[in-house]
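Novice: This is the structure alone, sequence omitted:
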């Protein structure tokens, strides 16, 4: 009887130990071959290897301190190239999100017919109706921009694409960090050589369908994303990485996949990717100020977007829109990012 009691106690201890291990697994940075899986829960509480900060901890510390000696513009001057007759919301979502994250100034370079509409959405935005003109009118603005985001609501007119090709060349000449999304990705899928050996940080943010167009492989391909993106990343050079949006967001860089899981919801309203693009642009500027890798900015932006989605969905359910998500930026930022 005593032996049975001891055996029961031993089994109970084993069960309790296993339950404790399982309870902390969601908070761990888990490496599976070349894949690093990081939960977006408890961003600044995730455990990491001894002597090594996890990407989540590094992301939580990207925000520059707010001090009295700062002047307007130091926290980020973001340029968003997009906005057409049909699509005025996308550049607004990107630019206002960049500001809500903490950038000081957001410039929107749009088509003439879109500019008054975008201006009416917010007085905080600097809206420049220059996407119908020539590169000379845009060149004078480029030196003041820290990061350039190309694509939200840009449209696919040939004349716009021709001008954007020149913008990319000027950004190359000035070694401007680039974020490419939406219609910008469509242009790059047609002319990937535009970004060949890009000399500055370059982040592409495709969804699943855009990723397939970018890599030239069918969406039902069973090969992993890192393998499928190998050739395109090689063409773009060592400064390029891909943040692939999906059920799990995947950061493809330096021969490794970092998966960001947790947060989010089943709601797929339009504009969420535009929020991500604006957030990423600000985080990218901050990462470069700190000497951090662009992948850390990607993790920060993906985490914030997923948590904003989760919180907005909890309040509004099927009625949730991107505007509701943007309203959650402050509370998410305040909880998950260190503000010193």
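Specialist: Arrived safely, thanks for sending. All values derive from a computational prediction rather than experimental measurement.

Novice: How much space separates the nearest residue to residue 272 once chain neighbours are set aside from residue 275?
Specialist: In this structure, residue 272 finds its nearest non-sequential neighbour in residue 322, 5.7 Å apart by CB to CB, 6 or more residues apart in numbering. Quick note: C-beta positions are derived from backbone N, CA and C, even for glycine. Computed with CB to CB, to the nearest Å, the distance linking residue 322 and residue 275 is 6 Å.

Novice: more crowded one of the two?
Specialist: Higher neighbour count among residue 322 and residue 275: residue 275, with 28 against 22, using other CB atoms under 10 Å.

Novice: In contact with residue 249, which residues?
Specialist: Listed by CB atoms under 8 Å, 6 or more residues apart in numbering, the contact set of residue 249 reads 243, 259, 260, 302, 306.

Novice: quick one: it from residue 125, how far?
Specialist: As for residue 249, its distance to residue 125 is 27 Å (criterion: CB to CB).

Novice: Could you do residue 267 as well?
Specialist: Distance, residue 267 to residue 125, using CB to CB: 26 Å.

Novice: again with residue 236
Specialist: Here residue 236 is placed at a distance of 30 Å from residue 125 (CB to CB).

Novice: more neighbours, the two?
Specialist: A direct count of neighbours by other CB under 10 Å for residue 236 and residue 125 places residue 236 higher, at 23 against 20.

Novice: show me what contacts that one?
Specialist: Neighbour list for residue 236: 192, 195, 196, 197, 198, 202 [criterion: CB under 8 Å, 6+ apart].

Novice: Quick check: chain neighbours aside, which residue is closest to the third one?
Specialist: Looking back up the chat, that one is residue 196. In space, residue 196 is closest to residue 235, 5.7 Å off (CB to CB, 6+ apart).

Novice: you'd agree the one you found is up against residue 191?
Specialist: No - at 11.4 Å, residue 235 does not count as touching residue 191 under the criterion of CB atoms under 8 Å.

Novice: so where's the stretch 201-340 of the chain shaky on pLDDT?
Specialist: 221-222, 339-340 (pLDDT under 70).

Novice: Please enumerate the strands of it.
Specialist: For the stretch 201-340 of the chain, the strands defined by DSSP state E, counting those that start in this stretch cover 202-204, 240-244, 249-253, 256-261.

Novice: Take those strands and lay them out in JSON lines including distance to residue 162.
Specialist: Shown next, in JSON lines, are the strands of the stretch 201-340 of the chain (distance: least, CB to CB, whole Å):
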{"stretch": "strand 202-204", "distance to residue 162": "21"}
{"stretch": "strand 240-244", "distance to residue 162": "23"}
{"stretch": "strand 249-253", "distance to residue 162": "29"}
{"stretch": "strand 256-261", "distance to residue 162": "35"}
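
Novice: Residue 219 is nearest to which of those?
Specialist: Closest approach to residue 219 among the strands of the stretch 201-340 of the chain is made by strand 240-244 (12.0 Å; CB to CB).

Novice: who does that closest one touch, helix- and strand-wise?
Specialist: strand 202-204, helix 208-215, helix 230-236, strand 249-253, helix 294-316 (3 or more CB pairs under 8 Å, 6 or more residues apart in numbering; DSSP states H and E).

Novice: how about the ones you listed, which one is nearest residue 119?
Specialist: helix 294-316 (24.9 Å).

Novice: Can you name every helix or strand that that closest one contacts?
Specialist: For helix 294-316, the helices and strands in contact under the criterion 3+ CB pairs under 8 Å, 6+ apart are helix 55-60, strand 202-204, strand 240-244, strand 249-253, strand 256-261, helix 272-289, helix 322-326, helix 329-336.

Novice: Dump those to TSV, plus distance to residue 72.
Specialist: Shown next, in TSV, are the helices and strands packed on helix 294-316 (distance: least, CB to CB, whole Å):
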stretch	distance to residue 72
helix 55-60	25
strand 202-204	25
strand 240-244	29
strand 249-253	31
strand 256-261	32
helix 272-289	14
helix 322-326	22
helix 329-336	20
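
Novice: So which of these is nearest residue 181?
Specialist: It's helix 272-289; of the helices and strands packed on helix 294-316, that one is closest to residue 181 (CB to CB) at 4.5 Å.

Novice: Report the distance from that closest one to the chain centre.
Specialist: Its chain's average C-alpha position is 6 Å from that of helix 272-289, according to CA atoms, centre = their mean, to the nearest Å.

Novice: Same check on stretch 245-252?
Specialist: For stretch 245-252, the distance to the chain centre is 10 Å (CA atoms, centre = their mean).

Novice: That stretch: which residues count as buried?
Specialist: Across stretch 245-252, burial judged by 16 or more other CB atoms under 10 Å covers 245, 248, 249, 250, 251, 252.

Novice: Name the nearest of those relative to residue 111.
Specialist: residue 245 (25.6 Å).

Novice: how near is the closest one to residue 329?
Specialist: On the measure of CB to CB, residue 245 and residue 329 end up 18 Å apart.

Novice: which stretches of the stretch 1-150 of the chain form helices?
Specialist: Along the stretch 1-150 of the chain, the segments classed as helices by DSSP state H, counting those that start in this stretch run 2-24, 55-60, 89-101, 115-121, 135-139.

Novice: could the helices and strands packed on strand 240-244 be laid out in TSV, adding distance to residue 154?
Specialist: Below are the helices and strands packed on strand 240-244 laid out as TSV (distance: least, CB to CB, whole Å):
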stretch	distance to residue 154
strand 202-204	15
helix 208-215	13
helix 230-236	20
strand 249-253	23
helix 294-316	20
